[in-house]
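Asker: Pasted the sequence and its predicted model underneath.
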Amino acid sequence: MSKKTNKLEAINLDAYYGDFHALKNINIGMEEKAVTAFIGPSGCGKSTFLRTFNRMNDYIDGFKVEGQILLDGKDIYQKNIRVDELRKEVGMVFQKPNPFPKSIFENVVYGLKIQGIKKKSVLEEAAETSLKRAALWDEVKDKLHKSALALSGGQQQRLCIARALAISPSVLLMDEPASALDPISTAKVEELIYELKTDYTIVIVTHNMQQAGRVSDHTAFFYMGELVEFNKTKTMFTSPKDERTQNYITGRFG
Amino acid sequence: MTNSDINRLKDKAFQVFGIFCTFIGLVVLAVFLFDIIAEGIARIDWDFLTSLPSRRASRAGILTAWVGTLWILVLTTIIAFPLGVAAGVYLEEYGKKNKMANFLEINIANLAGVPSIIYGLLGLEVFVRQMRLGGSLLAGALTLSLLILPIIIVTTREAIKAVPRSIRDGSYALGASKWQTVWNQVLPASFGGILTGIILALSRAVGEAAPLIVIGALAYVPFTPSTPMDEFTVLPIQIFNWTSRPQEAFLTNAAAAIIILLIITFLLNGIAVYLRNKQQKKVKW
Amino acid sequence: MRVSEKVIEGLLWLAAVITILITAGIIWVLLSESISFFRVVSLAEFLTEKEWTPLFADKKFGIMPLVAGTLLTTGVAIAVALPIGLTIAVYLNEYAHATLKQVVKPLLEVLATIPTVVYGFFALTVVTPFLQQFIPSLAGFNALSAGIVMGIMIIPMISSLSEDAISSVPRSLREAAYGMGSTRLQTSFGVMVPAASSGIIVSVILAISRAVGETMIVAVAAGQQPRLTLNPLVPIETITTYIVQVSLGDVPQGSLEYKTIFAAGITLFVFTFALNNLSFWIKKKYQEKYD
């Protein structure tokens, strides 16, 4: 498909919640420093799939994965993989902004602090860099030590992005990052995603087709736990191959 | 009178009865407090608070009793706080939903219903005799710690449960381990609720007399305790002792001591209620 | 880091497991001392003998008088607390303004926070002299005053738990009753109370369990005379009072008298354990029904 290498790859991936077969034999590769969007109706497995890349599903009772997820060619479900190391490499932003009930500064440097970094100058520099990268610095530089909960929803979400960037991951997972935001904040977040892809491999789950069209290079359509179609976003939206994809993107269901 | 009229009359009658019942408890409470204050307030002075016990009612004070109560409160907090919070954290964050967890849960509910005097028998055999602590402050504090442990565990769990899933997810996603997440996010966010539970538990402990009598706390202690291994008495036991004497003067002493005990109890409960309200007013997640 | 995670989890686990050790400790302590008691006194004598005089020269070891004393004070307490508590629950739910409810509920809870020795003082010095004006034959120590005061203490237990049970009855049920022209009273006792009956029963069982184990009120106000009677006007002795009485005295460790408090203790434990588990069982059954 392209000369670029695959940063993330799923090979023959099946996932289960107890008896429920949530993901069925998924095979997909995601390009480095590009944006891949997962679309599909609610319950199609797109969020579950996203969460396998940083193993956020590990804490769910009865969740089981078969097959392989490769990050830079290495299977992240191998026994010798440390989940905390994996998550430094693969950052995540959630659907609802979830700042910690602490100051803005404490939020941004949390990931560094738990790695044992205590030096104030290092933390301050990281906070500034990350907040600038997340296009939030100008708005918060005077109130870094105020509570993060006082920020607006859109600012909170960009803070969560800054927080994820602070530990310098190479992959950024975004689970419907704009679904709880107003249109202006959404536009800001989308703009940010576009800028971030020069340095990061981004995977974004969205149920907003226009958003997928605006921000992503590739799009994968999921339906009932299956990967129905995966292609360049332009191709997908103009000439879908599968009838189900066509029905979905033309708004006939979902 | 029609059937419907009778029904309406009955309805009104019950309403009056309802008001009566709702306020009878409060009226009794008011009468009671008034009676105690009327009887005891004049007896409270500096001497009463700073005098050792005496066989003469007019010379007897509550120094050893309130110092003992203070000791017991501090020691019980030191023992029960880490233990109860740790158990609550384990059950809420670590324990899997299996038979063992279910058993632990039923067991804790059961412990909460065990009469306090039974804890006294446990303390008497285990702490006083087996561990040879005698009727010391330490034995008393250990006994009361076991007694209030279920309260602390249950309130800790409730406080932890109120911390939203998304906060934990955010922490894990940044590479935090389970304990880092609990220590840096879950416990600070639930601290207000946990503190409320501890204070409520302590207000329960401060009024307990029965288990301490069983482990051998004495009514007459001539000196204030200075180490955890010393013999002791507490306010409720002092009150019990004075109440059981026939002379009117000792009843007055008892009433005065009750005022002090109630002040401590209401103060603790007031702090707990204040913390809880403050917690509820905090920014919604 | 992984090792420290495991160590911490282990420590937390230990704290949780201590709760099991407490239960095991209680059962072990009560059983081991009682067993050596029952080597001397037969279980048949313990259960059928009508007198309890372990501290006298002529020793008799019948638990029945202590059980009777306990049931008597408990009975009086429930007779006071159940009608008042349930009426409060219905009144607050169906009649009172939300603001009144918000004010009254925490005020009633104050009743439950007062140390029980204080209630004992109240029973002895206020309630008994007051009742003696109407019942001249009332003794200075009696089950009636102790029971009434204990009842006042457990009112909030019944009113709060019952109120929770009643307010968790689905709205639709209440609206259906009003829709058919029922008065508030008919709705309450015809629909709401029956629908919440299991929750109300649980509250009463827990209140009974609390009253059975209550110590200081009865130790102060009910007397220390084990007596097989249902007359609330005379001094009696409860199981808990007996344990306090022996603890205050100079009974040598390891003697038969010393062991009697454990035999009395295990009797008390069996009662409260059975009541508590009955309440869990009802609660569980009830939850399954509504889910």
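Answerer: It's in. Numbering: from 1, shown residues only, chains lettered A, B, ... in the order given.
Asker: contacts and neighbour counts: CA atoms only from here.
Answerer: OK.
Asker: Could you report the neighbour count for C:Lys285?
Answerer: Using other CA atoms under 10 Å in any protein chain shown, C:Lys285 has 12 neighbouring residues.
Asker: Okay, and it sits in which element?
Answerer: Element membership for C:Lys285 (DSSP states H and E) is helix C:256-290.
Asker: Quick check: buried residues in stretch B:216-234?
Answerer: Neighbour counts over stretch B:216-234 (16 or more other CA atoms under 10 Å in any protein chain shown) mark B:216-221, B:224-225, B:228, B:230-234 as buried.
Asker: Hmm, A:Pro41 is touching A:Thr206, no?
Answerer: No - using CA atoms under 8 Å, A:Pro41 is not in contact with A:Thr206; the gap is 9.6 Å.
Asker: Contact partners for whatever residue of the stretch 51-200 of chain B ends up closest to chain A?
Answerer: Closest to chain A within the stretch 51-200 of chain B is B:Gly175: 4.2 Å, counting by CA to the nearest CA. Contact analysis of B:Gly175 by CA atoms under 8 Å, 6 or more residues apart in numbering or on different chains lists A:Val83, A:Asp84, A:Glu85, A:Leu86, A:Arg87, A:Lys88, A:Gly111.
Asker: Next: A:Thr129.
Answerer: Neighbouring residues of A:Thr129 by CA under 8 Å, 6+ apart: A:Ala166.
Asker: That one - that's part of a helix, no?
Answerer: Yes - assessed with DSSP: H, G, I helix; E, B strand; the rest coil, A:Thr129 lies in a helix.
Asker: what pLDDT does the residue of the stretch 51-200 of chain B closest to chain A get?
Answerer: Looking at B:Gly175, its pLDDT is 91.
Asker: Identify the residue spatially nearest to it, adjacent ones excluded.
Answerer: Of all residues not flanking B:Gly175 in the chain, A:Asp84 sits nearest, at 4.2 Å (CA to CA, 6 or more residues apart in numbering or on different chains).
Asker: now do A:Asn57
Answerer: Counting by CA to CA, 6+ apart, A:Asn57 lies nearest to A:Arg51, which is 6.0 Å off, once chain neighbours are set aside.
Asker: Now do the contacts for the residue in the stretch 151-285 of chain B positioned nearest to chain C.
Answerer: Across the stretch 151-285 of chain B, no residue is closer to chain C than B:Gly207, which sits at 4.5 Å (CA to the nearest CA). Taking CA under 8 Å, 6+ apart, we find B:Gly207 in contact with B:Leu235, B:Pro236, B:Leu261, B:Thr265, C:Ile114, C:Pro115, C:Thr116, C:Val117.
Asker: gap between the last one and B:Ala209?
Answerer: Read that as C:Val117. According to CA to CA, to the nearest Å, C:Val117 and B:Ala209 sit 7 Å apart.
Asker: can you check the fourth one too?
Answerer: The span separating B:Thr265 from B:Ala209 equals 14 Å under the rule CA to CA.
Asker: Now residue 155: which helix or strand?
Answerer: Let's take chain A. Using DSSP H and E, A:Gln155 sits in helix A:153-165.
Asker: wait, chain B
Answerer: Applying DSSP H and E, one finds B:Thr155 within helix B:137-161.
Asker: For chain A, tell me whether that helix is touching it.
Answerer: No - if you take CA under 8 Å from any CA of the partner chain as the test, helix B:137-161 misses chain A, and the best it gets is 14.3 Å.
Asker: Could you work out the most separated pair of the contacts of B:Gly175?
Answerer: For the contacts of B:Gly175, the farthest-apart pair by CA to CA is A:Val83 and A:Gly111; their separation is 13.8 Å.
Asker: hang on, the residue nearest to B:Gly175 packs against B:Ser177?
Answerer: Yes - the criterion here is CA under 8 Å, and A:Asp84 meets it with B:Ser177 at 6.6 Å.
Asker: Quickly name whichever of the contacts of B:Gly207 is closest to chain A.
Answerer: Checking these against chain A by CA to the nearest CA gives B:Thr265 as the nearest, at 32.3 Å.
Asker: Pull up the per-residue confidence for the nearest residue to that closest one once chain neighbours are set aside.
Answerer: By the measure of CA to CA, 6+ apart, the closest residue to B:Thr265 outside its immediate chain neighbours is B:Ser203, 5.4 Å from it. Looking at B:Ser203, its pLDDT reads 93.
Asker: C:Leu55 falls within a strand, correct?
Answerer: No - counting by three-state DSSP, C:Leu55 is not part of a strand but coil.
Asker: ok, it - contacts?
Answerer: Residues near C:Leu55 by CA under 8 Å, 6+ apart: C:Glu257.
Asker: Next, it: phi, psi?
Answerer: phi -90, psi 0 (degrees, to the nearest 10).
Asker: Distance check, it against C:Arg39.
Answerer: 18 Å.
Asker: same check, this time on C:Ile261
Answerer: 15 Å.
Asker: out of these two, which sits in the busier spot?
Answerer: When C:Ile261 and C:Arg39 are compared for neighbours, C:Ile261 comes out ahead with 25 against 9, by other CA under 10 Å.
Asker: Which pLDDT value goes with the more buried one?
Answerer: Note for C:Ile261: predicted pLDDT of 94.
Asker: can you pull the contacts of the residue nearest to it when sequence neighbours are not counted?
Answerer: By the measure of CA to CA, 6+ apart, the closest residue to C:Ile261 outside its immediate chain neighbours is C:Ile243, 5.3 Å from it. Neighbour list for C:Ile243: B:Val214, C:Ile261, C:Ala264, C:Gly265 [criterion: CA under 8 Å, 6+ apart].
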